[in-house]
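**Q** Make a model of this:
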Amino acid sequence: MPTMPRKIESRALHLIRGLYDAAEGRPTQCRSLDDLDVPQSVEAVRYATARGWILVESGNSVCLTDAGWRLTELL
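**A** This next block holds a predicted model:
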């Protein structure tokens, strides 16, 4: 059964919150997905990337964008 969009969005928001915490609230600080203490899914990474919340570098490293940082400040 495919993952529902709400579940993907929830995972994406959890991902950016985990990235925010790992980067101590600083945007554009890259972290390895493996080092984040959050459940991961390819769909959540794609969702967050498509919305401009994160950038993916070197396939496994993610950075919170300014837009992602602003959204996380509201969560």
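
**Q** Please enumerate the strands of this structure.
**A** Taking DSSP state E to define them, one finds strands in the chain at 30-32, 54-57, 61-64.

**Q** quick one: which of those is nearest Ala48?
**A** Minimum separation from Ala48 across those (CB to CB) falls at strand 54-57, 4.6 Å. For every residue, glycine as well, the C-beta is placed using N, CA and C.

**Q** on contacts alone, who are the packing partners of the closest one?
**A** Counting contacts by 3 or more CB pairs under 8 Å, 6 or more residues apart in numbering; DSSP states H and E, strand 54-57 packs against helix 5-22, helix 42-50, strand 61-64.

**Q** roughly how far is the last one from the heart of the chain?
**A** Pointing back at strand 61-64 there. 7 Å (CA atoms, centre = their mean, to the nearest Å).

**Q** Check stretch 26-34 too.
**A** The answer for stretch 26-34 is 9 Å, by CA atoms, centre = their mean.

**Q** Next, count neighbours for the residue nearest to Asp37 when sequence neighbours are not counted.
**A** In space, and not counting its chain neighbours, Asp37 is closest to Gly18: 6.1 Å by CB to CB, 6 or more residues apart in numbering. Per other CB atoms under 10 Å, the neighbour tally for Gly18 reads 21.

**Q** shaky segments in the chain?
**A** For the chain, applying pLDDT under 70 flags the ranges 1-5, 40.

**Q** give me phi/psi at the closest residue to Leu71 other than its chain neighbours?
**A** Among residues not flanking Leu71 along the chain, Trp53 sits closest, at 6.2 Å (CB to CB, 6+ apart). Phi and psi for Trp53, reported as degrees, to the nearest 10, are phi -80, psi -30.

**Q** follow-up on the earlier one: which of the strands of the chain sits most buried?
**A** Of these, the one with the most neighbours on average (mean count of other CB atoms under 10 Å) is strand 61-64, at a mean of 22.
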